[in-house]
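Make a model of this:
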Amino acid sequence: MAALQDGLEHCAARGWSSKLWIVRLSAGHGRAAAAGLLLILALCQQGAGEQAWSPVRNLLFDAHQRLMPRQISHNKVVIVDVDDRSLAVFGRWPWPRTRLARLIEETHRLGAVAIGLDMIMPEADDLSPAKVVSDRKDLSEALRGALSSLPSNDAVLANTLRQLPSVISRAALTEELAQDVAGRKQTPVVVAGESPLPYLTSFKDHLRNIPELEAAAAGLGYLNDTRDGDGVVRAMPLVIAVRGEPAPAFALELLRVATRETYYTVQSGAAGMLGIQLGTSFIPTDADGGIRLRYSPAYAARRVPAAAILRGELGPGALANQVALIGVTAVGISDVAATPVATRMDGVDIQAQLIENILDGTRLKRPVHARWLELLGFVVLALLLILFLPRLAPVYGVVIYLAGAVVLGLVSWLSFQHFSVLYDPTLPAAGNGLIVALLLTAGFSASDRRRRELDAALEAARVERFRIAGELRAAREIQMGMLPDPKAIEGLPANVEFFAMLEPAQEVGGDLYDGFMLDDHRFCFLIGDVSGKGVPASLFMALTKTLCKSLARREQVPLGQLLRSVNEDISRDNPAFMFVTAVLGVIDVRSGEVDLCNAGHDAPVLLRVDQPPQFLEDARGPPLGVIDDFPYEPGRIKLEPNDILLLMTDGITEAADQQYNMYGAARLLQCFSGNGRAHTATVVCEKLYADVKRFTQGAPVSDDITIMALRFTAPPGEN
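Numbering: from 1, shown residues only. Have a look, this model is predicted:
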C-alpha cells in the first residue's frame, strides 16, 4: 500500500511539472521563449549554418538549376565523342594512338583552336609496331625489319601533339604512388598576393602520361572534380595543389593554350583566392580556386562523333573557333558523375560546361555577404512574428509566416535567374517555422501538445518505413540488374541455348546465377544459393558472383582450382560465417563436354531425349566458406545433341504447399518424365516453374527460386 501511495505521488508531481513547463512557456504569449530561440538560431546560423545547412541549401540551388538551366546560343566548346557509333565503325577502345593522332589532326583541320584529350595514357601503346614484332615470332625477317623501322604509335601521337595546340590530362591522387618517374614540371604560374596553397584542394601525387607524350603536349591539366558529400559535382577547381605547388585544371590549360599564353597568374588574398589572370582576361574564382557551375542540359549539338570526323563527314571550318575536347562516352567505358541537372553526366561534358561557364561568365556566385543578408531576412521576419502572432488568431500568424517565406523564396529565385547569385531562403524559412511552432505551441494545452508529439512520431515512423521499403526496392533493382540477360550472352554460339530465371522470396535474396564466354569455345555457367535471406545474403551473393566471374576470366585455371580460390577468398574475413552452395561448370561448345564442380548444391539434372531424367551426383564437395582449403575436383560429362542440363536452387525442391508438404526431388523428376521430344532451355525452365507454382497453390514463398537450363545441339556442319 505504501508503494502504491508513493507511485501516485510521483505521477502527480510529474503532471504538475509538465503543467508548470507549459505555464512558463505561455508567459508573455511565448514571446520570451521565441526571442531566446531567435537568438540561438541566429548564433547557430553564423557559427555553423554555412556548412551544417549545406545539404538543404544544395537541394534548393539544384532545383533552381533544373528549373532554369543555362541556355547557350552557340557552341564555343565541342566534344569529339568516341561514342558507341565510333567504336562500331573503328573497333573497340583503346584505339591505336596513330588513329588518335589522326583524329587530333582532323579536328584541328576543321578549325578547333585548341584540342584537349580527356583521357590519361600512363603506359605505352601495345599496338606499336615494335610491340607487335616482339609478340609475333612467326614473322619473316624482312617483315620484322620493316615493322621495326617504323616509329612507335606513341611517337606518332607525340609528333602530332608537338605540332598542334594540344592539352593532355593528368589525375591528382590523394596517396603517393609506390614508384615515380621524373616527368615534366607544372605549367608556370605567377602568384600575386598571398600564397593560395592553404586554400586549394591538395593532393599528394598524380597519375601521369608517358613522358614522351607529356613532353610533346602544349599543356598538362588535371581532370579532378570536387564532388560534394552526396556525390554531386556542383563546383570544379581551376587550380589545385599537387605535391605542394599550384597546378592547373584541364579546362584552365585548354584556355591557356587556346590563347597562346605561356603562364597564368593566381591572385589571392588573406581569405583565399580571388581569381586567375590569363592574358588580358580575369577569371573570378571562389576562395578554394574553383567555380560553381551553372549547368545546361547535355545538348547533343555540343557533340560530334569521332567517326564523323575520321570519315570526313564534316565540312571545312565546321569546328572553327571552338575548343575541342576528345572524350570517350561509349557505354561501359565512360566516366560519369551526378550533377544538379542530371543524375548521370559524362565527365567530358562537365569539363565542356566548365569552359563555357568561364567563357560566358555564367558561373554561380555565393557572395561573402550572402549569409548576412539571409540572417537579416530571418531576424526581420522573426520579429514580425513575435510581435503580431500572439495578438492575432493563429491562422493570421501562419499567413504572415508563409508570406515572408514566399518573399524570401522570390528574392532567391530572381537573384539566381538574373544575376547567377545564390541566396538561401531555406534557413530563414526553417528557423521562422520553428518560431511559429513555438508561439503556436504556447497557446495549446498539454494534451494537445502530447497529441502532436505522437502524430509527429507516427509520421516519422511512416517515413522511415517508406524509406526502408524504397531502399529495399532499389536494392532489388540493383541485384537483379547484376544478373545477365540469358538471351543476350555475348559471344554465345547458336548451338548452345542458355536460359535462367530468378524469383527472390523477399525484396532481395541470396540466389545467384551467371553465364559468360571464357573464350571462343568455352562457356562458363554458375548457379548458387547463399545461406540466409535479405540484405546480408544479397551482399554475399554479389561478392560470390563477382569473385567467380573475375577469377574465371582472369586466372584461366582448372575448374577445381578456380573453385578453391573462390572458397579461400569468401572464407577470409567472414565474421558472419555465411556460406554458399554452388555449381560451377564449363562447357566446350564444340564437343559438348562439360566440366562440373558442385559445392554442396542440389545436383544438376540431365534431360536426354527418350531417356528418364537423372541427377548428376558426382563431383560434390562442401559449400563455399565452410572448409577453407577443400580440394574441389570437377566431374565431366559429355552432352549429346539436344541434351539439356537443368540446374536449380533448393527453393524448388523445398517449396511447400499450404499443408507444408515439400515439392521434393521426386516431383522434379516426374515433371520431366516421358520426355519424348527435345525441349528448349526456356521451355524447360518455365515448365518447372509452373509446376512448382501449381504445387504450392498460393502458399507463401519461403525461399528464393532460381532455375537455369543449358541445351546443347550439334555445331553447324555436323549431323
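
got any ranges where this structure has weak pLDDT?
Along the chain, segments meeting pLDDT under 70 span 1-29, 178-183, 443-451, 468-472, 474-476, 478-479, 507-508, 675-678, 716-719.

Not counting its neighbours along the chain, what's nearest the residue positioned nearest the centre of it?
Centroid-nearest residue in the chain, with CA atoms, centre = their mean: A337, separated by 7.0 Å. Sequence neighbours aside, V233 is the residue nearest to A337 in space, at 4.8 Å (criterion: CB to CB, 6 or more residues apart in numbering). The C-beta positions use only the backbone N, C-alpha and C, and glycine is treated the same way.

Q71 too?
S296 (6.6 Å).

for the one you found, helix, strand, or coil?
coil (DSSP: H, G, I helix; E, B strand; the rest coil).

from memory it sits against S73, does it?
No: with contact defined as CB atoms under 8 Å, S296 does not reach S73; the gap is 11.0 Å.

rewinding a little: what count of nearby residues applies to the residue nearest to Q71?
19 (other CB atoms under 10 Å).

what's the distance between it and R302?
For S296, the distance to R302 (CB to CB, to the nearest Å) stands at 9 Å.

beta partners of L710?
Applying DSSP bridges to L710 gives these bridge partners: F498, L645.

thinking it is in contact with I637, fair?
No: the criterion here is CB under 8 Å, and L710 misses it with I637 at 11.5 Å.

the more surrounded of the two?
L710 (24 against 19).

show me what contacts that one?
Contact analysis of L710 by CB atoms under 8 Å, 6 or more residues apart in numbering lists V496, E497, F498, F525, G585, I587, I644, L645, L647, A681.

Just name the closest of the residues you listed to G332, please.
F498 (21.2 Å; CB to CB).

wait, isn't that closest one in contact with F525?
Yes: using CB under 8 Å, F498 makes contact with F525 at a distance of 6.9 Å.

Quick one: the helices in the stretch 501-650 of the chain, in order.
With DSSP state H, counting those that start in this stretch as the criterion, the stretch 501-650 of the chain has helices at 534-555, 559-571, 650-653.

CSV please, covering those helices and showing mean neighbour count.
Shown next, in CSV, are these (neighbours: other CB atoms under 10 Å):
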stretch, mean neighbour count
helix 534-555, 18
helix 559-571, 21
helix 650-653, 21
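
Tell me which of those lies nearest to R136.
Once the helices of the stretch 501-650 of the chain are compared by CB to CB, helix 534-555 is nearest, at 23.9 Å.

before we move on, the earlier item: now list whatever residues contact both of F498 and F525.
G515, M708, L710.

Can you lay out the residues you listed as CSV showing distance to Y263?
What follows is those, written out as CSV (distance: CB to CB, whole Å):
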residue, distance to Y263
G515, 57
M708, 63
L710, 65
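
So which bits of stretch 36-50 are buried?
Across stretch 36-50, burial judged by 16 or more other CB atoms under 10 Å covers L37, L38, L41, A42, Q45, G49, E50.

which of the residues you listed sit farthest apart?
Farthest apart among the buried residues of stretch 36-50 by CB to CB are L37 and E50. That separation is 20.1 Å.

Could you look up the SS state of A460?
Classification of A460 by three-state DSSP places it in helix.

okay, how far is it across stretch 385-397, tip to tip?
Length of stretch 385-397, first residue to last, CA to CA, to the nearest Å: 7 Å.

Helices along the stretch 51-200 of the chain, start to end?
When assigned using DSSP H, counting those that start in this stretch, the helices of the stretch 51-200 of the chain occupy the ranges 54-67, 84-90, 97-109, 129-135, 141-148, 153-163.

So for E356, which of those helices sits nearest?
Among the helices of the stretch 51-200 of the chain, helix 54-67 sits nearest to E356 (CB to CB), with 14.2 Å.

Tell me which residues are up against that closest one.
If you take CB under 8 Å, 6+ apart as the criterion, helix 54-67 is touched by 228-230, 232, 234, 294-295, 340-341, 364, 412-413, 416, 422, 424-427, 430.

So which of the residues you listed are in strands?
R234 (DSSP state E).

Going by neighbour count, which of the contacts of helix 54-67 are buried?
Looks like these have 234, 294-295, 340-341, 364, 412-413, 416, 422, 424-427 buried, using 16+ other CB under 10 Å.

Thought E105 was touching L164, still the case?
Yes: using CB under 8 Å, L164 makes contact with E105 at a distance of 7.1 Å.

Please tell me how far the residue nearest to the centre of the chain sits from T187.
Distance from A337 to T187, by CB to CB: 25 Å.

can you check Y660 too?
In terms of CB to CB, Y660 sits 75 Å off from T187.

Between those two, which is the more surrounded one?
Of the pair Y660 and T187, T187 is the one with more neighbours under other CB under 10 Å, namely 21 against 8.
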